[in-house]
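# no sequence for this one, just the structure:
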């Protein structure tokens, strides 16, 4: 089976294990991998024009930092293993964004780590893994 596997990645140990799992599946199935890093962000705030400009500047800086520090090393590792890989950097609700990317990119499976860097937020608002398990339009593999 050929297809594309989406990996939600935040740089955590659990996310690294998810990448490793997806890499094994990709090699076995002849699939490509899409690594997605989603920065949690809510558009629901009331800001002045100056605050909006500053927020936009910070968002661009965060995206550039994520591309260099988080995604580039993973992409290099996967490419050296002979796996075709793409990346997506997005802002938004993590589970909703991963579901949207799955649809947009014709993904056959989503792979995520069980726990990530947002442990406190998940205790307060529910985990990404739990939300994806309930809402994803395709199979989700949660790697411990």
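Received the coordinates, thanks. Owing to the predicted nature of the structure, the values given are computational and were not obtained by experimental measurement. Residues are numbered from 1 along each chain as shown.

# Leaving out chain neighbours, which residue sits closest to residue 59?
residue 91 (6.5 Å; C-beta to C-beta, 6 or more residues apart in numbering). Glycine gets a C-beta too; all of them are placed from N, C-alpha and C.

# Actually, residue 17.
residue 143 (4.9 Å).

# Tell me, how many residues neighbour that neighbour?
By other C-beta atoms under 10 Å, the residues close to residue 143 number 18.

# show me what contacts it?
Shown in contact with residue 143 (C-beta atoms under 8 Å, 6 or more residues apart in numbering): 14, 17-18, 21, 111-114.

# Could you rerun that using 10 Å?
Going by C-beta atoms under 10 Å, 6 or more residues apart in numbering, residue 143 touches 7, 14-22, 111-114, 129.

# Now do the SS call for residue 36.
At residue 36 the chain is in strand, as set by DSSP: H, G, I helix; E, B strand; the rest coil.

# Quick check: bridge partners of it?
residue 8, residue 88 (DSSP bridges).

# That one contacts residue 71, doesn't it?
Yes. Residue 36 lies in contact with residue 71 (C-beta atoms under 10 Å); the separation is 9.3 Å.

# Look at those two and report which has more neighbours.
Between residue 36 and residue 71, counted using other C-beta under 10 Å, the more crowded position is residue 36 (25 against 19).

# And the more buried one, how far from residue 57?
Note on residue 36: its distance to residue 57, by C-beta to C-beta, to the nearest Å, is 23 Å.

# Please apply the same query to residue 85.
In this view, residue 85 and residue 57 are 29 Å apart by C-beta to C-beta.

# Could you count how many residues lie near the residue nearest to residue 59?
Number of residues near residue 91 (other C-beta under 10 Å) recorded here: 14.

# That one touches residue 58, doesn't it?
No. Taking C-beta under 10 Å as the contact criterion, residue 91 and residue 58 are not neighbours in contact, 11.0 Å apart.
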